[in-house]
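> missing the sequence, but the structure's below:
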Ligand code: F6R
């Protein structure tokens, strides 16, 4: 959601900004713009839609672009005001000298706008960002210094913001500000970068300063000074960039999503090899405060979207292995309830990006009530980490495709390992069962490879299914979240309607939808407690002439009498099956979306990090 890049150095800045913004495209956006400072003037170029439209605009001003070596750029995901050129950032002060880009939301923008209009400011956009621009400009005139003006203005703002600001009369600097929206400074050689996320500056710098909330940086070509909003200088230690350019390349795949699906078995291999030295020894999970966790009598897990589905799987595991009561809730709902959370509670936040606003608010809320906070995130440099007592890093590598795939698998594996480790720390756990689970986990990567190796056959099945307008995915028990996740993946990248439903609930309403135009995909794991019941539910759907698809490890020949398409996965214990059964659903969604010509990696209206509530 929105992305910021700033550059100050010796290179032609337009190119630096566009390259940086390209690496943030995955976050999702609907307009783009840059401001270039050539010492005398600040020029702004903007376009609706993708960055290539902005590049077309820049093409017409080639000469002008070469002389500027400092500037700020932005990709915008519309919140206040539709995605138009007027609403795109950068925004400019009425005198034309100050420019600003913004990630986040200014909550008190209405009051401020009224005040600024009374004071004579006029507005050309519908955005909250333009309010911030005029406010900084007003304070700049009062303080007669960009740094002071920004410091005064940010104290008047409520909400979440990361800003990059330039002024024509102080052309040697960019001011960067962070409050509840991420911002980093990349330290180069006679050049410095500002960005909302690391991919924007991967390969450009070796060292990064992570700004914390309530901090601003004065960035010149050769110096970076970080201060708090009261003007105190802060000593920030630069950190080494631990991502390589390879992390954000497609490596020959048509889409990042396909690459990321194919990376999953290696991610699982690595996670397991770090944590299971032998099935006979206890798991090696670092950074967990077991003394605290063992005292907890209840668990709540809060997350959004795909991460919420991982949370639902975790409920089954924790309740069956640890015998602790688990409440799973969408963060966006949790934050508007007076939850029964306290010192007896372990609150687990799951967020791939670590920047999801609802999940961060929920975690803060739980912490304020005395809960112990454990967070699973793929970005140990993200905001959620600041509010967590313990972290489980997902170690899945940067996930570029908007649709979460490899991070979901890493979440599941990490949750399995956490549940097993917790059970191992308890007295009275069934150690034989835990050992068996560890053994089966170790066998998982090879089985995942087997599923991935059958992608061509799945593609053919996907092509046969791409014509349908609506799907029902159904399952029971631990695979209900798998059905929901499969349906989410299909709808978000192919725009085909898909519902993930508890198979036993179908006859309480949704069965009315079924006819020959409605495929029903069922997840059936033989040996599991729900297999026979699932088969009956499939017969019921078949009797309504639905096109039937099975994802199953069963070799039962009778299945061909019920199912039109059978997607086979290797034999697996039901408890671990969500990891394996999910992969064909990811591939199915991918191949259907690709066949329909969808923009797989950047589906419409979606953003990778949802930083607004
Ligand atoms: C779907 C998807 C989203 C995210 C959700 C939470 O493919 O990616 O549903 O799972 O926005 O994001 P994180 O995990 O970053 O908090």
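It's in. The shown structure was predicted, so the numbers you read here are calculated from the model rather than taken from an experiment.
> now do the contacts for residue 215.
177-178, 226-229, 234 (Cβ atoms under 8 Å, 6 or more residues apart in numbering). In this view, the C-beta of every residue, glycine as well, is placed from N, C-alpha and C.
> what about residue 538, neighbour count?
For residue 538, the neighbour count with other Cβ atoms under 10 Å is 23.
> after the helix or strand hosting it, next one along is what?
Using DSSP states H and E, residue 538 falls within helix 531-543. As assigned by DSSP H and E, the chain's next helix or strand after helix 531-543 is strand 548-552.
> next one: the next helix or strand after that following strand to chain centre, how far?
Heading C-terminal from strand 548-552, the first helix or strand you meet, by DSSP H and E, is strand 565-568. On the basis of Cα atoms, centre = their mean, to the nearest Å, strand 565-568 sits 31 Å off its chain's mean C-alpha point.
> not counting strand 565-568 itself, show me its contacts.
Applying Cβ under 8 Å, 6+ apart, the set of residues contacting strand 565-568 from outside is 454, 458, 461, 464-465, 547-553, 555, 559-560, 584, 588.
> tally of neighbours for residue 218?
The number of residues packed near residue 218 is 18, by other Cβ under 10 Å.
> so what are the sheet partners of the helix or strand hosting it and their directions?
Per DSSP H and E, residue 218 falls inside strand 215-219. With DSSP bridges as the test, strand 215-219 is paired with strand 174-179 (antiparallel), strand 224-228 (antiparallel).
> could you list the single helix or strand in the protein with the lowest mean pLDDT?
Of all helical and strand segments in the chain, the minimum by mean pLDDT, DSSP states H and E falls on helix 62-66, at a mean of 69.
> following that helix, which helix or strand comes up?
strand 70-76.
> can you name every helix or strand that whichever helix or strand comes after that next one contacts?
Going down the chain from strand 70-76, the next helix or strand is strand 91-92, by DSSP H and E. Counting contacts by 3 or more Cβ pairs under 8 Å, 6 or more residues apart in numbering; DSSP states H and E, strand 91-92 packs against strand 98-106, helix 128-143.
> that older thread, now restrict the contacts of strand 565-568 to buried residues only.
Listed as buried from the contacts of strand 565-568 are 454, 458, 461, 465, 547-553, 559, 584, 588; burial here means 16 or more other Cβ atoms under 10 Å.
> if we check the ligand, which of these are in contact?
Among these, not one lies near the ligand by Cβ under 6 Å from any ligand atom.
> which of those residues lies closest to the ligand?
residue 588 (14.3 Å; Cβ to the nearest ligand atom).
> that older thread, between the helices and strands packed on strand 91-92, which gets nearest to the ligand?
Closest among those, using Cβ to the nearest ligand atom: strand 98-106, at 15.3 Å.
> against which helices or strands is that closest one packed?
Taking 3+ Cβ pairs under 8 Å, 6+ apart as the contact cut, strand 98-106 packs with strand 3-8, strand 31-37, strand 70-76, strand 91-92, helix 128-143, strand 159-167.
> now the longest one and strand 159-167, what's the angle there?
Translated: helix 128-143. In terms of direction (axes from the mean of the first three to the mean of the last three Cα atoms, to 10 degrees), helix 128-143 departs from strand 159-167 by 60 degrees.
> do me a favour and average the pLDDT over the helix or strand that helix 128-143 is followed by.
Per DSSP H and E, helix 128-143 leads on to helix 146-154 as the next helix or strand towards the C-terminus. For helix 146-154, the mean per-residue pLDDT is 97.
> just the angle between helix 146-154 and strand 224-228, please?
Going by the same axes, to 10 degrees, helix 146-154 makes 30 degrees with strand 224-228.
> for helix 146-154, which positions count as buried?
146-147, 149-154.
> how about the residues of the stretch 201-350 of the chain by the ligand?
Within the stretch 201-350 of the chain, the positions adjacent to the ligand are 304-307 by Cβ under 6 Å from any ligand atom.
> neighbour-wise, which of those leads?
residue 307 (26 neighbours).
> about what we covered before: now the helices and strands packed on strand 91-92 as JSON lines including mean pLDDT and distance to the ligand?
Output for the helices and strands packed on strand 91-92, formatted as JSON lines (pLDDT from 0 to 100; distance: least, Cβ to the nearest ligand atom, whole Å):
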{"stretch": "strand 98-106", "mean pLDDT": "94", "distance to the ligand": "15"}
{"stretch": "helix 128-143", "mean pLDDT": "97", "distance to the ligand": "22"}
